[in-house]
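please work out how this folds:
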Amino acid sequence: MKTKLRCIAGLLLVPLAASAQTAEEIVKKALDARGGVEKIKGVQTERVTGQVSFSREMEGTFIVELKRPLKMRTEITVEGQKIIRVYDGKSTGWMINPFLENKEAQPLSSEDLKNISDESDFDGPLVDYKAKGNQIELAGKEKLDDKPVYRLKLTNKNGDVRFYFFDASTFLLLKWEGIRKNGEEDLPWESFFSDFHDVQGLKYPFRIDQGSPGTEIKQTLTAEKIEINPPIDDSHFAKPQVPTPAADPPHASPTPPPPASNSQ
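You can find the predicted model right below:
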């Protein structure tokens, strides 16, 4: 009788074991949900344009341009003032910020360069994650706004830890949380991804709501257009020239948005 009960108990556990997901399986399903690794790697350049709104009723426009390998240029225009941030994909980056006292192009710090090299990887941290030195583990299954989600923990080669929340049905990324640098301060940061659209066979979130929990730092990015493989010359990622100011800058400096396709 005991043997028979053990057999029945074993049969009851089979469906549970079969339905369990490993971190590696979730990564594969998430990449497939976006369109597949082959299509993701087929993107050589990318341009995202849209609207950005900040706390304190500040609004503006943004353009993010990316090019392999790891080149990135971000422009935010608010009340006629333009913040420009570029990275050449190798070792040099520049920032022009009219909200600072020194309005000339300034080289990015080593800390900024470490972060921007992640941002400029528009494949995202999950593509070839092992080769990039990233470690992935399944941190559990929970609910996000009443939706079942898988929570993945990613530790990158620098030891930074981030968490990714994937819809348990569609395997699209719904949330990212981690730490972002704001000046000299490390802040907890979270991003929510929604309004997914298909662009040439790849899924992109056209809305990103993000900010630092417990603070007034909040911003919403709304993509209006995402271009795949537009022509972008390498000179666009060189040291930028200071634009001619059109108006006095507002009192608060906005935070540059990350690429809409990159989940940090």
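
wait, N156 sits on G133?
Yes. N156 is within contact range of G133, at 6.6 Å (criterion: C-beta atoms under 8 Å). Placement of C-beta: from N, CA and C, glycine included.

looking at those two, which has the bigger crowd around it?
N156 (18 against 10; other C-beta atoms under 10 Å).

how deep is I179 tucked in, by neighbour count?
14.

beta partners of it?
Beta-bridge pairing for I179 (DSSP bridges): P188.

quick one, what contacts it?
D160, D186, L187, P188, W189 (C-beta atoms under 8 Å, 6 or more residues apart in numbering).

which residues touch the third one?
Contacts were defined as C-beta under 8 Å, 6+ apart; by that measure L187 touches I179, R180, K181, S212, T215, I217.

now swap in the last one and tell me
Taking C-beta under 8 Å, 6+ apart, we find W189 in contact with E177, G178, I179, R180, Q210, G211, S212.

hmm, back to that, Throw the contacts of L187 into JSON lines and include distance to E104 and pLDDT, thanks.
Formatted as JSON lines, these follow (distance: C-beta to C-beta, whole Å; pLDDT from 0 to 100):
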{"residue": "I179", "distance to E104": "29", "pLDDT": "87"}
{"residue": "R180", "distance to E104": "25", "pLDDT": "83"}
{"residue": "K181", "distance to E104": "21", "pLDDT": "70"}
{"residue": "S212", "distance to E104": "29", "pLDDT": "94"}
{"residue": "T215", "distance to E104": "29", "pLDDT": "90"}
{"residue": "I217", "distance to E104": "26", "pLDDT": "90"}
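
quick check: the farthest pair among the residues you listed?
Farthest apart among the contacts of L187 by C-beta to C-beta are K181 and T215. That separation is 14.1 Å.

what about those two, which has more around it?
K181 (15 against 12).

how far out from the middle of the chain is the helix or strand where the more buried one lies?
Per DSSP states H and E, K181 falls inside strand 173-182. In this view, strand 173-182 has its centroid 8 Å away from the chain centroid, taken as C-alpha atoms, centre = their mean, to the nearest Å.

now do the buried residues in that strand.
L173, L174, K175, W176, E177, G178, R180 (16 or more other C-beta atoms under 10 Å).

so the last one sits right up against T215, yeah?
No. In this structure, R180 is not within contact of T215 by C-beta under 8 Å, at 11.4 Å.

the strands in the stretch 1-150 of the chain, which residues?
Under the criterion DSSP state E, counting those that start in this stretch, the stretch 1-150 of the chain contains strands at 45-54, 58-67, 71-78, 81-87, 93-96, 106-107, 135-144, 147-155.

all set, thanks.
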